[in-house]
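Enquirer: Take this sequence and fold it.
(2 chains)
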Amino acid sequence: GAVVSQHPSWVICKSGTSVKIECRSLDFQATTMFWYRQFPKQSLMLMATSNEGSKATYEQGVEKDKFLINHASLTLSTLTVTSAHPEDSSFYICSAGYGYTFGSGTRLTVV
Amino acid sequence: AQKITQTQPGMFVQEKEAVTLDCTYDTSDPSYGLFWYKQPSSGEMIFLIYQGSYDQQNATEGRYSLNFQKARKSANLVISASQLGDSAMYFCAMREGQGSQGNLIFGKGTKLSVKP
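Expert: Below you'll find the predicted structure:
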């Protein structure tokens, strides 16, 4: 149980475009999902908490207009990186529910 | 303030030997949970073991055990009989509030290398 699916696994996009990353809870309902970011050789840092049916809560320093989070159902949260720039290149990973199960992560490269 | 401290950036261990990865934490909440994850080069976060603050016994999962010393606020991971496939980054994490749906706070990680 407690399986979290994340898609895509990797994506390369051009600077200025937007990229959407999906996080799904496959066998349970998740009112809360968490989005983390990990830069190379660093630890995971919480970006935002996604709440089903309400606005996401962003950590200090994370631009809410740049990282759009939508949690429209109990099994799906999406993170959209808008107007991506090379400095947004990173590993993005989600977790859901009681937060100990993670998706497989998305490696974003902005060129 | 950093709440999870992993002081070993890198560790080496001989195959089939045991290794201890250190983790100390800081919290004022009497209810919390401690986690260990393995992150191979693929990036996925593999859950290894969990210890609740009120658990009386140290957690064990196969070759993994958690040496929980509450008074010292330490939660070291012990891997017995190391295998080459154990080479990876290992992260210690904490969530305040046992059984809650809160986020995890991670340490900086320890890179474990298993030598044949």
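
Enquirer: Tell me which residue of chain B lies closest to chain A.
Expert: Residue nearest to chain A within chain B (Cβ to the nearest Cβ): B:Met45, separated by 4.0 Å. C-beta: built from backbone N, CA, C; applies to glycine.

Enquirer: Contact partners for that residue?
Expert: Listed by Cβ atoms under 8 Å, 6 or more residues apart in numbering or on different chains, the contact partners of B:Met45 are A:Leu44, A:Ile93, A:Ser95, A:Phe102, A:Gly105, B:Tyr37, B:Lys38, B:Gln39, B:Phe91.

Enquirer: from the residues you listed, which two are the most distant?
Expert: Of all pairs drawn from these, the greatest distance, 15.1 Å, lies between A:Ser95 and B:Lys38 (Cβ to Cβ).

Enquirer: Show me which residues of chain B are close to chain A?
Expert: When proximity is defined by Cβ under 8 Å from any Cβ of the partner chain, chain B lies next to chain A at B:35, B:37, B:42-45, B:47, B:50, B:91, B:95, B:99-109.

Enquirer: Helix or strand: which one has residue 68?
Expert: All of this refers to chain A. strand A:67-73 (DSSP states H and E).

Enquirer: I was after chain B.
Expert: Using DSSP H and E, B:Phe68 sits within strand B:64-69.

Enquirer: Check which helices and strands that strand sits against.
Expert: When contacts are defined as 3 or more Cβ pairs under 8 Å, 6 or more residues apart in numbering or on different chains; DSSP states H and E, strand B:64-69 sits against strand B:32-39, strand B:46-52, strand B:74-79.

Enquirer: Show me the contact partners of the helix or strand just after the last one.
Expert: Sequence-wise, the next helix or strand beyond strand B:74-79 is strand B:88-96, with elements assigned using DSSP H and E. The set of residues that contact strand B:88-96 without belonging to it, under Cβ under 8 Å, 6+ apart, is A:43-44, A:99, B:3-4, B:6, B:21, B:23, B:25, B:27, B:29, B:31-41, B:45, B:48, B:75, B:77, B:102-107, B:109-112.

Enquirer: Show the buried residues in the residues you listed.
Expert: By neighbour count, with 16 or more other Cβ atoms under 10 Å in any protein chain shown, the contacts of strand B:88-96 hold A:43-44, A:99, B:3-4, B:6, B:21, B:23, B:25, B:27, B:32-39, B:45, B:48, B:75, B:77, B:102-107, B:109-110, B:112 as buried.
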